[in-house]
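> Predicted model, plus sequence, below.
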Amino acid sequence: MARTCVWNAIQVKVYQRVADPLAAPSQLHPPAARAGGESPKKRTPVESSLCGAVRNSVHLVFACWESVRLMSAFVVPGWPLRGGVAGSRRSRALYPHHGSAGLLRRRAFPRCTAGDVRGSYTVGRRLPSETPPPLPVPTDYVLISETAEWRRLVEHASEIDRLHLRELMQDVDRVRSLRAEYDGIYLDYSRQRVTKDTIELLFALARRARLVDKIRAMQSGAHINVTERRAVLHTALRAERNASLVVDGTDVVRDVWRVLDHVREFSERVRSGEHRGATGKPLRSVIAVGIGGSYLGPDFVHEAFRTDPEAFEAARGRHLHFLSNVDPVDIKRCTQDLSAEETLIVIVSKSFTTAETLLNARAMREWLWSEMGRSDEVVRLHMVACSSNVPMVEKFGIDPRNTFEFWDWVGGRYSVCSAVGALPLSIQYGFPTFLRFLEGARSVDANFYDVASPLAGNLPVIMGLLGVWNLSFLGYKSRALHPYAEALLKFPAHIQQVDMESNGKHVTLRGDDVDYAVGEIDFGEPGTNGQHSFFQLLHMGQTVPCDFIGFIESQYPLCIEGEPVSNADELMANFFAQPDALAYGKTAAECRAEGRPEWLIPHLVTTGNRPSLTLLLQRLDPYATGQLLALYEHRTAVQGFIWDINSFDQWGVELGKVLAKRVRKQLNESRYFGRPISEEFNASTRDLMERYLRGQVGCVFNEPFDYQRDTDTGRSPL
C-alpha cells in the first residue's frame, strides 16, 4: 500500500513537470519568498530541463515522501512509520517553531502542497463524487480502542477511581506539574482526575494516534475532510500577510488578504460616510443575516468587543444586530428600533441557497422597500453579501462589487475569522480592532502547530487529551464552560456548536462504528449566573467536567465605598471558590463539626471529586478573544484526531434540511391547494401537521407558489 501511495504521488509530480515545467517549481517555492515579489525570469524548456533537473529531483523525492507520510498519518492512526520522521532534521526544516512570528513562515526547503498530498490519495485525478476515495489503509489497521495504549488507559482509569481529588490536591509537586502557560494564557489542570502517569499515558495515546502528523496534515492543506474532499484551513484566515500556503495550485493566504483588504476598504467607506444609503443618510446600523456558524461566531465576538473600552469608543453611535431565526418575531426584534434609511444588511450564505437565510434576506429586502420604495438602487446601496456564489448574489440585486468571498475549506462553525465575521465587526468596531482579534487567534495557532516542541506546552493538545480522558475513559458525557466575564455570555453557545457539530459522530474516518464514547454535550453560562442556575446539579447530581475562564483585569472596574472588595474581586472570589468546591466537596464529618442535625447531614454532603480546569488571562480584549476562540477550536480538532473521526463535516445537519424541504412542500400544497397530507409521512407527523394547518391562517398570496406548476419556471420555492 505504501508503494502504491508513492507511485501515485510520483505520477502527479511527473504530470506536473511535463504539463508545466516552468510553473511546477514555483508551486513549491512560496511566491512571497521571491525578492521584491518579482516574477522569475522566463527560461526556455531546454534551460529549465538542464538547470532544474537536480533541484526537481530533490523536490520530487521529498514531496512524495511527505505526501505518503501526511495522508497515511491522518487516515491510519495505527500505521507506524519507522525512522522517526517527525523528529528528523528534514521534518524540523519543513515545520519550524513558529513562535510569535505567526502561523506560517517562509521555509528554507520546499514542501509538498495539498495537491501533492491529494495525488497520493486520488491517483492523480479527481474522482467523481459517487466514488469513495481509496484510503491507504494497511492490513494491520485497528480501531484506536484496540491498541495497547488505549488498553493501558482503561486499566489506569480503574486506578484513578480509587483516588479522590482531596488526596491528589495535597501533592504539591503534582499540582505544580499540571499547569502550562503560553502568551499570557495560564492553564491549571491540577483539579482534573489525573496524575503525572495519566498525562504520560495520554501522550503515548497521542503518539499511537499520530496526532503530530495529523496536525501537520491540517496545516499543510491536505484534504483531511475526507467525506467532502476538502482542506481544513480556518487557520489560514488569520495568517500573516507575507505567509504563503498553496492548496490545489492556489495561494490561499493571498486570497484571504485580498478579501480582507476589500473588507477594510468597504468598512472604512461605510464608517466615514462615503458609502451612504439611498436617501443620502449615513449607514449607522448593520443587520447581519445568517444562521449557525454565520451567526454564533460573529455574535460571540461582538458581545466580547462591546464593552472593551477601545472597541466601545470605535463603535460609538453605531449598532450591530444579528438575524438568524426564520421566526418572524426575530425579524421584528431586529428592525423595530431601526431606520431603514440608515441600515445596511449583510447577507451571509456561502452558496446563497440556504433556505432560512434567503427567506430572511427577502424579508429584509421587503422591509427596505416598504420604507424607501421598490427600487434596485435601494438594494444596491443597502445590501451586501458574504458568499462564493456571485451569480446568485447579483441575481438577488446586490452589487457584485459588494460581495465578499469565502471558501469551501472554511466550515461555517470555523468562519468567524473570514469575511463572515470581518465585515460586520469591522463596520461596527473598525478594521484595526478586527485585526487585533486575528492576531490573538494566530498566536494560539502558532502554539498548536508547534509540534516540534514538547506537547506538554501545547495548550490545545492538553485540553483535547483531557477531553478524551474524561469522556472515553471516565465516562463523563457532558462538559460545562463557565466564563467569569459577562462579555463572554455568547461564548458557550458558539463553542457548543463548534464542538458538538464537529465531534457528534458515530463512525471513524474509514466508516467503522466506534466502540468508544465520542462527542460531549457542551453547555454553559457566564458566572455567577450559572451558579444560580445549574451548579446545584454540578455539585450534587451527575459529574460534569468544567472549564473556568477568568481575567485578572476587568473591562470596567467598579469600586463602591464601604464594600470590602470591588465588584471584580467579588466575581473572582466565586471563580476561585467553585473549582475547589467541586473538587473537595463536603463530608459528613465537616457537617457535624458545624453542629448540623443528624437528619439533615445526608442532604448537605457533597461528594466532591468533580474535575475542572482553570484558564486565567490578563484582560478580555480583542486579542484575548481571538486566543480563546483558537484554543477551543483546536481542542475540538485534537479530540477528533485521537478518536479518528472527521471533525469537519456535518451530515446529520444535512438530513434535517432534506426532510424540512418535504414538509415545506406539503404545507404549501395543503394550505393553498387543498391537497391531502401525503401518506409518506408517519401518523404522528400527519396528525401534527393537520392540527397546525387547522389552527393557523397563514399568509394570503396574490399568486401562491405551486410546486407542480412553478418548479421548472425559475421561480424559487426558497
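All right, it came through fine.
> Which residue ranges of the stretch 601-718 of the chain form strands?
Here the stretch 601-718 of the chain has its strands, by DSSP state E, counting those that start in this stretch, at 612-619.
> Point out where it drops to low pLDDT.
Within the stretch 601-718 of the chain, the stretches with pLDDT under 70 are 711-718.
> where do the helices sit along it?
601-604, 622-643, 651-673, 683-695, 707-710 (DSSP state H, counting those that start in this stretch).
> between these, which one is nearest to Arg510?
Arg510 sits nearest to helix 622-643 of all these, at 12.5 Å, using CB to CB. Yep, even glycine has a C-beta here, placed from its N, CA and C like the rest.
> for the closest one, the distance to its chain's centre please.
A distance of 7 Å separates the centroid of the chain from that of helix 622-643, by CA atoms, centre = their mean, to the nearest Å.
> Quick one: work out the angle between it and strand 612-619.
Going by axes from the mean of the first three to the mean of the last three CA atoms, to 10 degrees, helix 622-643 is angled at 150 degrees with respect to strand 612-619.
> I'd like to know which of the helices of the stretch 601-718 of the chain is closest to Arg152.
helix 622-643 (14.5 Å).
> care to break the protein down by domain?
2-141+210-238, 180-194+459-646, 252-440, 655-710 (automatic domain parsing).
> Let's see the pLDDT reported for Glu356.
Listed pLDDT for Glu356 reads 89.
> Throw the domains of the chain into CSV and include mean neighbour count and distance to Ala452, thanks.
Putting the domains of the chain into CSV (neighbours: other CB atoms under 10 Å; distance: least, CB to CB, whole Å) gives the following:
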stretch, mean neighbour count, distance to Ala452
domain 2-141+210-238, 18, 6
domain 180-194+459-646, 19, 13
domain 252-440, 20, 21
domain 655-710, 12, 41
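> can I get those in a markdown table with distance to Met169?
Converted to a markdown table, the domains of the chain look like this (distance: least, CB to CB, whole Å):
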| stretch | distance to Met169 |
| --- | --- |
| domain 2-141+210-238 | 29 |
| domain 180-194+459-646 | 6 |
| domain 252-440 | 32 |
| domain 655-710 | 45 |
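> From Leu474, how far off is the nearest residue to Ile495 once chain neighbours are set aside?
In this structure, Ile495 finds its nearest non-sequential neighbour in Tyr632, 5.0 Å apart by CB to CB, 6 or more residues apart in numbering. Distance of Tyr632 to Leu474, given as CB to CB, to the nearest Å: 20 Å.
> what's the answer for Glu525, then?
From Glu525 to Leu474 the distance is 24 Å (CB to CB).
> Out of the domains of the chain, flag the one nearest Arg162.
Among those, domain 180-194+459-646 comes nearest to Arg162, with 11.0 Å by CB to CB.
> returning to that earlier point: the residue nearest to Ile495: what's it in contact with?
Going by CB atoms under 8 Å, 6 or more residues apart in numbering, Tyr632 touches Met463, Ile495, Val498, Asp499.
> Gly595: which of those residues is nearest?
Taking CB to CB as the measure, Gly595 lies nearest Met463 of these, at 42.1 Å.
> ok, that closest one to Ser415 distance?
Counting by CB to CB, the gap from Met463 to Ser415 is 22 Å.
> Mind telling me which of the domains of the chain the model trusts least?
For the domains of the chain, where the average pLDDT is lowest is domain 2-141+210-238, sitting at a mean of 50.
> so where do the helices sit in the stretch 201-350 of the chain?
Using DSSP H, counting those that start in this stretch, helices in the stretch 201-350 of the chain cover 211-220, 252-272, 293-306, 309-314, 328-335.
> For the residue nearest the centre of the chain, list the residues it contacts.
The chain has Tyr414 as the residue nearest its centroid, 3.1 Å off, counting by CA atoms, centre = their mean. Contact partners of Tyr414, counting by CB under 8 Å, 6+ apart, are Val232, His234, Gly293, Val498, Glu633.
> The same query, at a cut-off of 7 Å, please.
Tyr414 sits next to His234, Gly293, Glu633 when contact means CB atoms under 7 Å, 6 or more residues apart in numbering.
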